[in-house]
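Enquirer: Mind looking at a prediction? Sequence and model below.
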Amino acid sequence: MDIVGLIPQFGGFALTILAFIVALSVIVAVHEYGHYIVGRWTGIHADVFSLGFGPILFSRIDKRGTRWQMAALPFGGFVKFAGDANAASGKDSEAMEEVAADPVALRRTMHGAPLWARTLTVAAGPAFNFIMSIIVFAGMMVFQGQPRDPLTVGEIAALPDGAYELMAGDEIVAIAGMPAPRVGDGEDWSTFTDALPTTPTLSYTVERAGGESTLTGPFLFPPHVQQVAPRSAADDIDIKPGDVITAIDGAPIFAFDQLRDAVEGSGGRVLLLDIWRDGTMLQFALAPKRVDEPLDEGGFQTQWRIGIVGGMAFSPATEAMGIGDAIMGGVVQTWVVIENSFSGLYHMITGAISTCNMSGVIGIAETSGSMASQGADSFIWFIAVLSVAVGMLNLFPIPALDGGHLVFYAYEAVSGKPPSDRALQVMMATGIALILSLMVFAIGNDIFCP
């Protein structure tokens, strides 16, 4: 056995597990803290706040009597509120009877709290997931800034043809003789880029040091890899951000659209890619995968994809983004994730797209590792997206999830009394069975879907 050859694979596996644990721990901690802090604000006492399950590795009791602990299995967590004990005999039963006889102590339990307090406490978990995502998205927008207007050259991508005459700080006045529109005019910018001639080089009119010059630069959208989609064909063969695809099946290319057209027209057959990486030429063979992509107008389209995201030949110089604009951007991005998730679920149920779009823990772990390998910003963005998904999933009206509890509370608000213990037991068992079935189905997708 080639032990040395296994080291990179082990390193990748270790990164995947570590990234998955970190992502899950952050999301669970935020979710459970939402339950805890809102419960505390509404007068419900928390006996235990646990990150992980199983044997306790570390614990301490704070001044409010809550035990904070870390457990050995870092795949989840929970908050145990007063009155949540399921034992119905011995000391637990006696303690519960004592609490029931004391109105003050009963009010500090989950079951003895008023309906509004229980509702807010349960809803707080998903709400905190959404709030965290909005904050992360907004923070990254502030950190990254927004493109400066007029369009200004920032960092120039490394391309195999070497240095061009463009320089960082150049303000783009025109390209190929066509005046450049304002950066914020999305429709005008799209029309402008569509009209550019498809040639290996373009003339750029720039303003530099107070004067205008006409320079030679690369095609605006070269086949330069800026991001690799997790679990894609490109990710499977270790194509990396920064790679430049110079030929497909021996035919030279210089535009990202040429790459897209070749992939979409491949029918899934294996393509041979010539790739320039840091001055070295490499060859990769890969087969595009069928991918269901959301459309701006709603719905999905299915295309052959290799999982590469491109961009301009240079990154635009940026300027600071206002906090208000960033928060609004975070809200919009969170809503886009929710909308696309519901749209995807609906189209899977109706059979319009494949159920292979649903991932389980294996797929999420692989995605965590892939995004972590592409840098901290990609990984943090992924955590925010996953946090939205966890918050949304917990609001599904399934018994045993937060959404199921909220349905019970809605019933109590309408009828004036909670469901019977027997009904709760049956619905909780049904909910757990449904959740386990979905988990098994999703893991099956991770294993058997291409």
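Expert: Now that the structure is in, tell me what you want to look at. Bear in mind that the values here come from a model prediction, so they are computed numbers and not experimental data.
Enquirer: pretty sure Asp276 belongs to a helix, no?
Expert: Just so we're on the same page, residue 276 is Trp rather than Asp. No - counting by DSSP: H, G, I helix; E, B strand; the rest coil, Trp276 falls outside a helix, being strand.
Enquirer: Look at it and report its pLDDT.
Expert: The score at Trp276 is 96. That number is its pLDDT.
Enquirer: I figured it hits Lys240, correct?
Expert: No - the pair Trp276 / Lys240 is not scored as a contact, 11.7 Å apart, by C-beta atoms under 8 Å. Placement of C-beta: from N, CA and C, glycine included.
Enquirer: residue contacts, Ser343?
Expert: Ser343 makes contact with 294, 298-300, according to C-beta atoms under 8 Å, 6 or more residues apart in numbering.
Enquirer: what does Val385 give?
Expert: Val385 neighbours (C-beta under 8 Å, 6+ apart): 133, 337.
Enquirer: roughly how far is the helix or strand harbouring it from the heart of the chain?
Expert: Val385 is part of helix 376-394 when elements are defined by DSSP states H and E. How far helix 376-394 lies from its chain's middle: 4 Å, per C-alpha atoms, centre = their mean, to the nearest Å.
Enquirer: After that helix, heading C-terminal, what element do we hit next?
Expert: Taking DSSP H and E, what comes next after helix 376-394 is helix 402-415.
Enquirer: Next, the buried residues of that next one.
Expert: 402-409 (16 or more other C-beta atoms under 10 Å).
Enquirer: What's the mean pLDDT across the next helix or strand after it?
Expert: Next along the chain after helix 402-415, taking DSSP H and E as the criterion, comes helix 421-448. Across helix 421-448, pLDDT averages out at 88.
Enquirer: mind listing what's buried in helix 421-448?
Expert: Buried-residue list, helix 421-448, by 16+ other C-beta under 10 Å: 427, 431, 434-435, 442, 445-446.
Enquirer: what do you get for stretch 238-252?
Expert: 239, 243-248.
Enquirer: ok, of the residues you listed, which one's closest to Ala209?
Expert: Val244 (29.9 Å; C-beta to C-beta).
Enquirer: hey, what's the closest one bridged with?
Expert: For Val244, the beta-bridge partners are His224, Trp276 (DSSP bridges).
Enquirer: From Met328, how far out is it?
Expert: 36 Å (C-beta to C-beta, to the nearest Å).
Enquirer: Of the buried residues of stretch 238-252, just say which sits nearest to Arg208.
Expert: Of these, the one sitting nearest to Arg208 (C-beta to C-beta) turns out to be Val244, at 25.8 Å.
Enquirer: show me the contacts for Ala29.
Expert: Per C-beta under 8 Å, 6+ apart, neighbours of Ala29: 51, 77.
Enquirer: For it, which three-state class applies?
Expert: helix.
Enquirer: just the one 4 residues further on next, same as before
Expert: Under the three-state scheme (three-state DSSP), the conformation of Tyr33 reads as helix.
Enquirer: No further queries at this time; thank you.
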